[in-house]
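Colleague: fold the following and give me the result.
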Amino acid sequence: MSLPLLVLLIVAGGALHHDTTQYSGGFNFVSAGKCLWEALVCVGMSLGLIALYRQHFNRQGRSAKFLSDNAFAVYLFHPPVIIALAILLHSVAAPPLLKAALLTACAAVVTFALSALVFRRIPVLSRLL
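Modeller: Numbering: from 1, shown residues only. Now for the predicted structure:
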């Protein structure tokens, strides 16, 4: 359904004549149609990915089970870990993107390790997590 709408938007919006002013937003039918087209594509791709994963990736190995079992604890306890690691990395002289990647990797490892080794072994927390 989104492909015919895209063709209609290209033809009606003036893109074939190199007029792209209506695609930039504003109160017009081309802009509204573009918003509708984007929503259809996003929902369609999401449903398609869900169906694909349900059909082809419907198994859980050891690592996926570990990640799944600890995901909620990681979700709950990752903010203080990220803040602490960011403070530790503050003085490191490196490009910002490299520091962000390093922070992301370290935070993932530390939060999953904390979840598996500490939080899930405390009886009160293990019932909640």
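Colleague: would you map the helices across the chain?
Modeller: 2-13, 29-56, 62-89, 96-117, 123-128 (DSSP state H).
Colleague: quick one: buried residues of the second one?
Modeller: For helix 29-56, the neighbour count (16 or more other C-beta atoms under 10 Å) marks 30, 31, 33, 34, 37 as buried. In this view, the C-beta of every residue, glycine as well, is placed from N, C-alpha and C.
Colleague: ok, residue 66 touching residue 116?
Modeller: Yes. Residue 66 is within contact range of residue 116, at 7.1 Å (criterion: C-beta atoms under 8 Å).
Colleague: now residue 103: how far from residue 117?
Modeller: 21 Å (C-beta to C-beta, to the nearest Å).
Colleague: surely residue 115 and residue 73 touch.
Modeller: Yes. Using C-beta under 8 Å, residue 115 is in contact with residue 73, at 3.8 Å.
Colleague: who has more neighbours, those two?
Modeller: Neighbour tally, residue 115 and residue 73, criterion other C-beta atoms under 10 Å: the higher count belongs to residue 115, 26 against 21.
Colleague: how about the contacts made by the more buried one?
Modeller: 70, 73, 74, 77, 129 (C-beta atoms under 8 Å, 6 or more residues apart in numbering).
Colleague: what distance do you get for the residue nearest in space to the middle of the chain to residue 63?
Modeller: The chain has residue 46 as the residue nearest its centroid, 12.0 Å off, counting by C-alpha atoms, centre = their mean. Residue 46 is 25 Å from residue 63, where distance means C-beta to C-beta.
Colleague: wait, which of the buried residues of helix 29-56 is closest to residue 9?
Modeller: Using C-beta to C-beta, residue 33 comes nearest to residue 9 of the buried residues of helix 29-56, at 5.0 Å.
Colleague: give me the neighbour count for the residue nearest to that closest one when sequence neighbours are not counted.
Modeller: Leaving aside its sequence neighbours, residue 33 sits nearest to residue 9 (C-beta to C-beta, 6 or more residues apart in numbering; 5.0 Å). Counted with other C-beta under 10 Å, residues neighbouring residue 9 total 21.
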